[in-house]
Structure formats: structure tokens, C-alpha cells
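using only what follows, build the 3D model:
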Amino acid sequence: MKKIYFILLLFALVSTNAQSNKIVFGYLPSWEIIDTVNLKIDYETLTHISPFSFQANPDGSIKNADYWGVKWNSIITKAKAKNIKIIISLTNFDPDELKTILNSSPITLKLIDNVINLLKFYSLDGINIDFEGLYDEDKGSPMNNFMNQLFTKVKEADSKYEISIALPAINLRNKWNFSYISIYSDYIIIMAYDYYGSWSDFTAPTSPLEGLNFTVKRSIENDYANVVALNPSKVVLTLPYYGNAWRTNSENPFAQVKPYSDTASFNNYIGATYFQDIPFMPPFTQRYFNDQSKSTWYKFVDGDYIIQNWIDDEYSLGLKMDYAISKNLGGIGIWALGYDGIRPELRDLIKSKFNPSDVASEQIIPTEFVLYQNYPNPFNGTTVLKYYMPKENFLKVEVYNSIGELVKILFDGFQNGGVHELVFDAEGFSSGVYFYKITTPTFSETKKLELLK
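This is a model prediction of the structure:
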């Protein structure tokens with residue numbers, strides 16, 4: 001068993017592990033702002049909000065995002081009050097239209113002029129290019145030349161405007177020149193998802209950290225290796241708040257399925273699942289952690305079939321955030337704001353990783369003893385137990401297994417008042433449910449934690 005580290009924290013103390021200077025780039029799809037009353041945006045966790053999306057037309061004109069104006073105004077006002085930058089997402093997913101935009105100089109220039117006019121008219125902070133579905137021949141020089149012209153002309157209009165581009169996680173057939181594009185971008189957004197989906201012939205996570213052929217680590221350490229080596233701060237790793245579900249005949253991960261087909265009378269692929277949907281999965285759904293891919297998945301029986309639902313939660317997303325931090329990347333992106341609904345876990349996760357000062361400033365110091373839920377939970381390796389004592393007191397912190405046996409004493413002695421954290425290293429413990437109990441002469445409380453290996 002490794003040593004249990006004890007850390008005394010004050011509310012005003014900023015954690016040295018958190019990355020408060022990193023980008024947190026949130027895409028906000030127009031369909032998520034239809035119900036603005038129930039849309040939960042934590043303006044304390046974000047550095048950028050990107051309205052998704054403005055349409056680049058093949059004649060060089062630009063179509064505004066749906067509901068642009070009334071429904072967006074309050075969001076933009078709140079964001080600007082928190083110094084959050086508004087970066088419009090400019091999209092086109094039609095390869096023929098993109099060929100025209102990229103290869104016709106008059107149309108290219110007209111589109112760039114319209115971009116500049118748009119940024120000026122609405123007092124926006126920049127633009128994010130999201131051109132997907134390009135023909136292979138347009139991923140090289142045509143795209144490189146477009147980004148060169150866009151970057152040069154927009155910066156000439158106002159150097160404060162930010163230019164970025166959303167790029168695929170994998171450079172299939174090596175048609176993209178990511179290094180060149182990064183020169184003409186303030187930062188590049190790696191869409192670190194859709195590695196596996198409806199087109200896959202086996203069940204798998206949409207964003208595996210490692211362990212499969214296509215993974216987040218492969219993207220960073222292979223496809224984007226040159227960019228990361230030269231300037232890792234230009235790389236923003238965008239993570240999914242969704243996953244995918246399939247019908248299978250197997251309870252095992254990576255079960256074989258037939259890819260989705262529009263002409264098939266029956267498809268194994270069911271559809272996308274969003275983080276906000278996790279609590280509403282059917283009864284008796286079992287949660288698993290796949291150590292090979294470092295991904296979370298769920299399983300339940302539906303008649304003659306097994307449903308496998310692969311979706312990241314706060315634990316597996318936290319592992320990818322830790323990886324981005326370890327590589328000194330420029331930050332993370334979110335696809336998409338609104339997909340977590342009213343659930344606070346992912347917003348709290350970002351605060352713990354990237355915005356520690358906000359966590360400190362937002363908390364109100366309680367007047368009584370408070371035991372917080374451990375984080376992360378479930379966990380694999382270590383987890384943090386946090387509590388607050390209003391004054392100096394004798395304290396005992398113990399861990400019990402599921403049948404009530406004491407398995408570890410984490411602390412036994414006097415402590416000063418304030419916020420405290422204990423890091424519990426579960427090396428040597430088997431997977432399962434455990435309980436941690438805190439006792440003082442006048443207070444006792446127990447909470448559950450779950451270890452997954």
C-alpha cells in the first residue's frame with residue numbers, strides 16, 4: 001500500500017495541480033438554446049463559447065446560426081460579463097460546396113470579407129472553421145491556402161480576433177498538413193471523438209483514451225506529434241459529452257455488430273446517448289469500466305438482446321483531461337454544452353482541473369461540519385475525501401468494505417479547523433463498493449465510494 005498523503009487546504013488556496021491558464025472551449029449548438037430556461041451554462045468554467053453554427057455558403061455568403069439574435073443575446077451578454085470570448089463556428093459539410101469555396105479565389109475572398117464584417121458588426125472575438133467531409137484533394141493545398149488567407153486578412157482587420165480550426169482526430173491517408181495549418185491558427189481544435197460509432201463493426205467508446213487502433217493517445221502522439229512537439233499550447237483537445245448504444249448478442253465489451261445501414265430492416269446501432277441521459281437508463285443497468293480503453297460503459301438486457309451503451313462519465317473524461325494536462329496542451333474543448341443537462345458533475349470536474357480559483361471564490365464557508373462526496377467516484381487508483389471542520393477537533397477517518405469490515409484508517413488525531421483533503425490510494429484493494437466514515441466527538445457521517453479496476 002502506498003503512503004496516504006494528507007493535505008490541508010484553505011478556501012483561498014489555489015491548487016498547484018489545476019491549470020487555471022488553459023482554454024476551456026465550449027461549443028454551444030443552436031438546438032440546445034431552444035429552451036434557455038433549462039439550459040445550464042457555468043460561466044465560471046469557460047474561457048470560450050462557440051455558437052454552432054454559422055453556414056458558409058458556396059457563393060461566399062454566410063447564414064447566421066439558428067435563433068441568432070433574441071435567444072443568443074442573453075447568453076452572449078452573460079458570457080461577456082465574465083470575459084468569455086465568443087467565437088463563431090463557421091461550418092460546411094458538403095464536399096462539393098467546399099471545393100467551390102476553397103478553389104475559387106473570388107468566392108474565398110468574399111467569404112473572408114463576410115467573416116470580418118460579421119465579427120465587427122456583432123462585436124465578436126473570433127472564428128472557428130469547421131469544414132468536414134472534404135475531398136482528399138482539398139485537404140492539402142486548398143485548405144492550407146484558405147487558412148493562410150483567412151488568418152492574414154482577419155488579423156489585418158484586427159489582431160485581437162482569434163482564428164482557430166476544428167480538425168479530425170485521425171489524419172486518414174495523411175492528406176492533411178496539420179503542422180502548416182497550425183501556423184495560421186491561434187489554436188487548433190482536435191475533435192477527439194467519433195473514433196467509433198454507427199459505422200463500426202464492434203461496440204466501442206466514441207473517445208477511447210488508449211488500447212484500440214484509433215485512440216486519443218494515437219491522435220496526440222502520432223497524427224499531431226509534430227504540432228505538439230513544436231507548440232503544445234496550440235492544441236485544444238475537444239471531448240464528448242455523449243456516447244453510442246448498440247444491440248448485441250454478447251455481454252462482453254467490443255462485441256461484434258453489423259454497422260448501421262439505411263437500407264437494413266434491422267440495425268444493431270441504436271443511437272447516441274448524452275451525459276444527461278445516464279440517470280434515466282433502464283432498471284438493472286450495470287456500469288462497467290473498461291481498463292483497456294479507459295472508458296465507461298453500461299449494459300442491460302432488453303428481451304433477446306444485450307444493450308451496450310458506451311458513454312464517458314466524469315471519471316473517464318477526467319482521465320482524458322489529465323492526459324491533456326500531462327502533455328501541456330493548450331486546453332480542452334467540449335462537444336457540446338447542454339449535453340450534460342442540469343447535472344453538475346462535468347462542470348465541477350472542469351473546475352477541479354482548470355479553474356481552481358473559481359471553486360475557492362464561489363464556496364461559502366459553512367458553520368458546521370461538512371463531509372463532501374469523494375472525487376472521482378467511481379475511481380480507479382486514488383480518490384480524494386474532502387471535509388470541513390469549523391474548529392479544531394479530534395477526528396477519525398476510516399474506510400470499510402461492503403460487509404462492514406474496517407479495511408483502512410486514514411487519519412486518527414487532532415486537526416485544525418478548515419477545509420481538509422485526504423487522498424486514498426486503493427492499491428491492493430479489489431473492485432467493489434466501500435464506505436468512508438468520519439467521526440468526531442459530536443459528529444459522524446458515512447458516504448459510499450466505488451472502486452473500479
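
surely Ile127 meets Lys155?
No: the pair Ile127 / Lys155 is not scored as a contact, 11.5 Å apart, by C-beta atoms under 8 Å. For glycine as for every other residue, the C-beta is placed from the backbone atoms N, C-alpha and C.

identify the contacts common to these two.
Taking C-beta atoms under 8 Å, 6 or more residues apart in numbering as the contact rule, Ile127 and Lys155 both touch Tyr161, Ile163.

more neighbours: those two, which one.
Neighbour totals were compared for Ile127 and Lys155, and Ile127 leads with 24 against 15 (other C-beta atoms under 10 Å).

residues contacting the more buried one?
Contact analysis of Ile127 by C-beta under 8 Å, 6+ apart lists Ile87, Ile88, Ser89, Leu90, Val115, Leu119, Leu150, Val154, Tyr161, Glu162, Ile163, Ser164.

among the residues you listed, which ones are in strands?
Among those, the ones falling in strands (DSSP state E) are Ile87, Ile88, Ser89, Leu90, Glu162, Ile163, Ser164.

neighbours of the fourth one, how many?
This means Leu90. Residues contacting Leu90 under the criterion other C-beta under 10 Å number 25.

and it, what does it touch?
Applying C-beta under 8 Å, 6+ apart, we find Leu90 in contact with Ser53, Phe54, Gln55, Ala56, Ile62, Val115, Ile127, Asn128, Ile129, Asp130.

what is the nearest of those to Asn73?
Phe54 (15.9 Å; C-beta to C-beta).

does that closest one belong to a helix, a strand or coil?
Three-state assignment for Phe54 (DSSP: H, G, I helix; E, B strand; the rest coil): strand.

and Phe121, how many neighbours?
Phe121 is flanked by 8 other residues according to other C-beta under 10 Å.

ok, so of the ones in strands among the contacts of Ile127, who is nearest Ser352?
Distance ranking of the ones in strands among the contacts of Ile127 against Ser352, using C-beta to C-beta, places Ile87 first at 24.5 Å.

using PDB, list the CA coordinates for stretch 85-98.
Extracted C-alpha coordinates of stretch 85-98, given in PDB (Å, rounded to 0.1, in the frame of the first residue of the first chain):
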ATOM      1  CA  LYS A  85     -14.800  35.100 -25.700                       C
ATOM      2  CA  ILE A  86     -17.500  34.500 -28.300                       C
ATOM      3  CA  ILE A  87     -16.000  32.500 -31.200                       C
ATOM      4  CA  ILE A  88     -18.500  31.800 -34.000                       C
ATOM      5  CA  SER A  89     -18.300  28.300 -35.600                       C
ATOM      6  CA  LEU A  90     -18.300  28.500 -39.400                       C
ATOM      7  CA  THR A  91     -19.400  25.200 -40.900                       C
ATOM      8  CA  ASN A  92     -19.900  23.400 -44.200                       C
ATOM      9  CA  PHE A  93     -20.100  19.600 -44.500                       C
ATOM     10  CA  ASP A  94     -20.800  19.400 -48.300                       C
ATOM     11  CA  PRO A  95     -17.600  18.300 -50.200                       C
ATOM     12  CA  ASP A  96     -18.800  19.900 -53.500                       C
ATOM     13  CA  GLU A  97     -19.600  23.200 -51.900                       C
ATOM     14  CA  LEU A  98     -16.300  23.200 -50.000                       C
END
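
mind listing what's buried along that stretch?
Within stretch 85-98, the residues that count as buried by 16 or more other C-beta atoms under 10 Å are Lys85, Ile86, Ile87, Ile88, Ser89, Leu90, Thr91, Asn92, Asp94, Glu97, Leu98.

wait, which of the ones in strands among the contacts of Ile127 is closest to Asp201?
Closest to Asp201, out of all of these and judged by C-beta to C-beta, is Ser89, at 31.3 Å.

what residues are up against the closest one?
If you count contacts by C-beta under 8 Å, 6+ apart, Ser89 has them with Tyr27, Ser50, Pro51, Phe52, Ser53, Phe54, Ala65, Ile127, Asn128, Asp130, Ala166.

closest to Asp277 among those residues?
Looking across the contacts of Ser89 and measuring by C-beta to C-beta, the closest to Asp277 is Tyr27, at 18.7 Å.

run a quick neighbour tally on the closest one.
Tyr27 sits with 27 neighbouring residues when counted by other C-beta under 10 Å.

ok, Lys40 next?
13.

measure it to Gly318 for me?
As judged by C-beta to C-beta, to the nearest Å, Lys40 and Gly318 stand 19 Å apart.

in the stretch 251-400 of the chain, which spans are helices?
Under the criterion DSSP state H, counting those that start in this stretch, the stretch 251-400 of the chain contains helices at 314-326, 345-354, 356-362.

give me the angle between the first one and helix 345-354.
Computed with axes from the mean of the first three to the mean of the last three C-alpha atoms, to 10 degrees, the direction of helix 314-326 lies at 30 degrees from that of helix 345-354.

give the rounded mean pLDDT of helix 314-326.
In this model, helix 314-326 has a mean pLDDT of 94.

cool, and stretch 134-144?
Stretch 134-144 comes out at a mean pLDDT of 98.

extract the CA atoms of it and return them as PDB.
Extracted in PDB, the C-alpha atoms of stretch 134-144 (Å, rounded to 0.1, in the frame of the first residue of the first chain):
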ATOM      1  CA  LEU A 134     -13.700  17.400 -47.700                       C
ATOM      2  CA  TYR A 135     -12.500  15.500 -50.700                       C
ATOM      3  CA  ASP A 136      -8.900  14.300 -50.200                       C
ATOM      4  CA  GLU A 137      -7.500  16.600 -52.800                       C
ATOM      5  CA  ASP A 138      -8.900  19.600 -50.900                       C
ATOM      6  CA  LYS A 139      -7.400  18.700 -47.600                       C
ATOM      7  CA  GLY A 140      -3.900  19.800 -48.700                       C
ATOM      8  CA  SER A 141      -3.000  23.000 -50.600                       C
ATOM      9  CA  PRO A 142      -6.600  24.300 -51.000                       C
ATOM     10  CA  MET A 143      -7.200  24.100 -47.200                       C
ATOM     11  CA  ASN A 144      -3.700  25.400 -46.400                       C
END
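
so which bits of that stretch are buried?
Along stretch 134-144, these residues count as buried under the neighbour rule (16+ other C-beta under 10 Å): Leu134, Asp138, Lys139, Pro142, Met143, Asn144.

so which helix or strand takes in the fifth one?
Okay, so that is Met143. Per DSSP states H and E: Met143 is located in helix 141-157.
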